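[1] Coordinates only, no sequence provided:
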């Protein structure tokens with residue numbers, strides 16, 4: 001998913017026995033030059049990142065480090081960032097002789113209010129061209145992928161827990177059709193956002209989907225010659241759906257008390273001595 005627009009760039013469907021690592025391994029080949037690959041730290045793979053860098057021009061990656069990673073510091077760039085070296089293990093080099101013995105990375109340490117210290121790893125070594133504060137802000141846009149999942153499941157599928165098809169082939173067909181419809185809605189939103197010169201993420205997906213759905217449910221009773229007029233009106237209606245800028249998180253994440261329909265039991269206090 002392109003995080004700045006929520007466009008789905010590629011989609012793979014597999015059996016429940018297949019891992020996320022195996023399904024996502026081929027996505028990198030579809031990425032263009034001058035891009036930044038961001039993945040969850042569970043998919044951290046130095047071999048994958050190295051191959052991604054070698055496939056084209058200005059292909060970078062950005063990921064959050066696991067707690068057990070080890071690197072060798074080569075150069076200190078500032079109080080919270082260094083240039084480090086990570087080795088490729090012998091089994092990896094044996095399976096892929098093109099791999100070097102090690103790879104240079106940049107390590108950035110930061111801490112948000114209410115959270116533990118975190119480390120970012122990236123191929124963007126130039127601290128002046130790629131300031132640490134911008135990379136930290138960029139990495140937290142990775143959550144846009146989860147927002148896209150919510151738009152697909154909660155809004156497009158109307159919270160349905162299962163698809164309608166009953167065979168594997170038809171399920172795949174339904175999933176890809178769902179992805180095409182999602183991208184078409186996002187395409188209209190991006191077109192309107194371009195006219196208004198705002199981010200596509202500032203347009204309400206839920207209301208845009210309802211407007212487009214209502215138009216096409218009633219389009220069969222509209223004369224063919226009037227469809228362009230209705231489409232132009234749709235663009236004007238979507239332009240009214242600009243959301244306010246997002247507010248930064250001001251409170252740390254915390255576990256909430258689970259809702260229950262039973263009253264809380266109050267412990268009786270001991271009687272006071274007379």
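    Sure, I can see it. All values reported here derive from a predicted model rather than from experimental measurement.
[2] now the closest residue to residue 190 other than its chain neighbours: how far from residue 243?
    Of all residues not flanking residue 190 in the chain, residue 200 sits nearest, at 4.5 Å (C-beta to C-beta, 6 or more residues apart in numbering). Using the backbone N, CA and C atoms, a C-beta is placed for each residue, glycine as well. As judged by C-beta to C-beta, to the nearest Å, residue 200 and residue 243 stand 11 Å apart.
[3] Looking at the two, which has the bigger crowd around it?
    residue 200 (19 against 13; other C-beta atoms under 10 Å).
[4] Which stretches in the stretch 1-150 of the chain count as helices?
    Listed in chain order, the helices found in the stretch 1-150 of the chain under DSSP state H, counting those that start in this stretch are 20-24, 46-54, 90-95, 132-139, 144-150.
[5] residues of the second one that come out buried?
    Spelled out, it's helix 46-54. By 16 or more other C-beta atoms under 10 Å, the buried positions in helix 46-54 come out as 46, 48, 49, 50, 51, 52, 53.
[6] what sits against the fourth one?
    Same thing as residue 50. Counting by C-beta atoms under 8 Å, 6 or more residues apart in numbering, residue 50 makes contact with 88, 99, 100, 103.
[7] Likewise for the fifth one?
    When contacts are counted by C-beta under 8 Å, 6+ apart, residue 51 is found next to residue 28.
[8] and the biggest helix by length in the chain, what other elements does it pack with?
    Determined from DSSP state H, the single longest helix within the chain is helix 168-196. Applying 3 or more C-beta pairs under 8 Å, 6 or more residues apart in numbering; DSSP states H and E, one finds that helix 168-196 makes contact with helix 205-218, helix 227-238.
[9] Export the ones you listed to JSON lines and append columns for mean neighbour count, distance to residue 196 and mean pLDDT.
    JSON lines is the format used below for the helices and strands packed on helix 168-196 (neighbours: other C-beta atoms under 10 Å; distance: least, C-beta to C-beta, whole Å; pLDDT from 0 to 100):
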{"stretch": "helix 205-218", "mean neighbour count": "15", "distance to residue 196": "13", "mean pLDDT": "88"}
{"stretch": "helix 227-238", "mean neighbour count": "13", "distance to residue 196": "10", "mean pLDDT": "84"}
